[in-house]
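Peer 1: I'd like to go over a predicted model; first the sequence, then the structure.
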Amino acid sequence: MAFALFTGFLRKLAYIGGIALSLLIWAVPEGFGGPYVPGSFDIGTGLVYALAFLLLLALEVSHDSSRGTLDARIERRIPGWDRWAEVVPQRRSTADGDMGGG
């Protein structure tokens, strides 16, 4: 997970996996933020981490942040890599070198 976040490798899977792992940790060891006693407002850190990964996923969709990532380098060499790495795969135009024949 740390490698994916630092280098930008398989970002889509890292963010979705981070959400799933955070919710799993929040549900099982943290017991959904319990124990529930009067005056307790601690929801646990797992839910906060899941929301942080959701924010990263939303930022990935709203901004073109793939320039400097490992995925951007791999996408230039391996066609179809963007299906695994990008949240919204980029459409290639004829200006990008795609001849458009189909």
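Peer 2: It's in. These figures come from a predicted structure and were not determined experimentally. Numbering: from 1, shown residues only.

Peer 1: how about Leu13, phi and psi?
Peer 2: phi -70, psi -30 (degrees, to the nearest 10).

Peer 1: Identify the residues contacting it.
Peer 2: By CB atoms under 8 Å, 6 or more residues apart in numbering, the contact list for Leu13 reads 4, 84-85. (C-beta placed from N, C-alpha, C; glycine too.)

Peer 1: Sort out which of those are buried, if you could.
Peer 2: 4, 84-85 (16 or more other CB atoms under 10 Å).

Peer 1: what's the spacing between the one residue sitting closest to the centre of the chain and Gly80?
Peer 2: The chain has Tyr15 as the residue nearest its centroid, 2.2 Å off, counting by CA atoms, centre = their mean. Computed as CB to CB, to the nearest Å, the Tyr15 to Gly80 distance reads 20 Å.

Peer 1: do Phe9 as well
Peer 2: 16 Å.

Peer 1: Of these two, which one has the most company?
Peer 2: Neighbour totals were compared for Phe9 and Gly80, and Phe9 leads with 17 against 8 (other CB atoms under 10 Å).
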